[in-house]
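In: Kindly return the folded structure for what I paste below:
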Amino acid sequence: EEEDEDEEIEEEDEDEEEEDDEEEEEEEQDECEAEDDECEDDLESTEKTTELKGIEPAAIKIISPHSKEDASSFLDFPSPDELLKLGPKRGILITQQIDLCNEEKVVQLFLKTTSVYKDDNAVKTAVEDTIDTLLDKAFSSSKFNAHMFLTTLLVHMGLLKSEEKIKPVPSLNGPLMALNHAVQQKYFPNSLLPILLAFVTKPNKALDSCSLARHTLLQTLYH
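Out: Sure, this is the predicted structure:
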């Protein structure tokens, strides 16, 4: 009888563990879905505000094209003009295209956005606003691994070797200038700064070709 009771207790414990695992998975999924819902709520709020001002629906598309298709087009063929065309809600529209709990996806989106960076106030602001939205949402998620993000980013920038054959981005100017902005924001984890500094100071041909951007980022990191 005692053995039967022990077996029943063990089975109950196993059932409880399975239920706990299922609850954790549901919580992770709910968190990611909640972030997507928040983005959609922001868009809906903007559209309602525009409607209250008496602007015709056709005009709304011209002023701020809230279209996931447009954001997807930018990611397929990134360009400064395509980024600017997305309007003030570009950050929300673009981040809706990926799973913000996936470090690899966030890195790819960061690099595509920063690839269009250039010394033009409008483009510069558009890039910075977009990565602010992206990284702020990503780093604020408890399911997002900040150190994994930086490691993956360094690999794609060609600053860290990887066992996988990953082709580095052709230019580091945009990513470096965007990082110079990002590291100064409250959302950027302080624990990542020494790691980033260590890799940016190492000898690297790709960094040498972007000496000004490298110098700018180093000045910020040292201070």
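
In: After the lowest-mean-pLDDT helix or strand in the chain, which helix or strand is next?
Out: Ranking every helix and strand in the chain by mean pLDDT, DSSP states H and E puts helix 57-63 at the bottom, with a mean of 40. Past helix 57-63, further along toward the C-terminus, the next helix or strand under DSSP states H and E is helix 68-76.

In: name the helices or strands packed onto the helix or strand just after that next one?
Out: Where DSSP H and E defines the elements, the next helix or strand beyond helix 68-76 is helix 80-85. Identification of packing neighbours for helix 80-85 by 3 or more Cβ pairs under 8 Å, 6 or more residues apart in numbering; DSSP states H and E yields helix 68-76, helix 121-139. All C-beta spots, glycine's among them, are computed from the backbone N, C-alpha and C.

In: Now do the last one: everything it contacts.
Out: The contact list for helix 121-139, computed with Cβ atoms under 8 Å, 6 or more residues apart in numbering, reads 35, 80, 83-84, 88, 90-92, 94-95, 100, 106, 109-110, 113-114, 116-118, 144, 146, 149, 174, 177-178, 181-182, 185, 187-189.

In: Quick one: buried ones out of those?
Out: Under a neighbour-count criterion of 16 or more other Cβ atoms under 10 Å, the subset of the contacts of helix 121-139 counted as buried comprises 35, 80, 83-84, 90-92, 94-95, 100, 106, 109-110, 113-114, 116-117, 144, 146, 149, 174, 177-178, 181-182, 188.

In: Among those, which lie within strands?
Out: Counted as lying in strands by DSSP state E, out of these, is not a single one.

In: Quick check: the residue nearest to residue 179 when sequence neighbours are not counted vs residue 121, distance?
Out: Spatial nearest neighbour of residue 179, excluding adjacent residues (Cβ to Cβ, 6 or more residues apart in numbering): residue 217 at 5.9 Å. For residue 217, the distance to residue 121 equals 20 Å [Cβ to Cβ, to the nearest Å].

In: What is the burial count for residue 203?
Out: Neighbour count of residue 203, defined by other Cβ atoms under 10 Å: 6.

In: Enumerate every residue touching it.
Out: In this structure, residue 203 makes contact with no residue, judged by Cβ under 8 Å, 6+ apart.

In: Dihedrals phi and psi, it?
Out: Note on residue 203: its backbone torsions stand at phi -60, psi 130 [degrees, to the nearest 10].

In: Please renumber the chain so that the first residue is 464 from this point on.
Out: Let's use 464 as the start, then, which means that last one is residue 666.

In: Please enumerate the helices of this protein.
Out: 465-515, 520-526, 531-539, 543-548, 553-558, 566-577, 584-602, 609-619, 636-645, 656-664, 668-671, 674-685 (DSSP state H).

In: looking at these, which has the lowest confidence?
Out: Set side by side, those show their lowest mean pLDDT on helix 520-526, which sits at a mean of 40.
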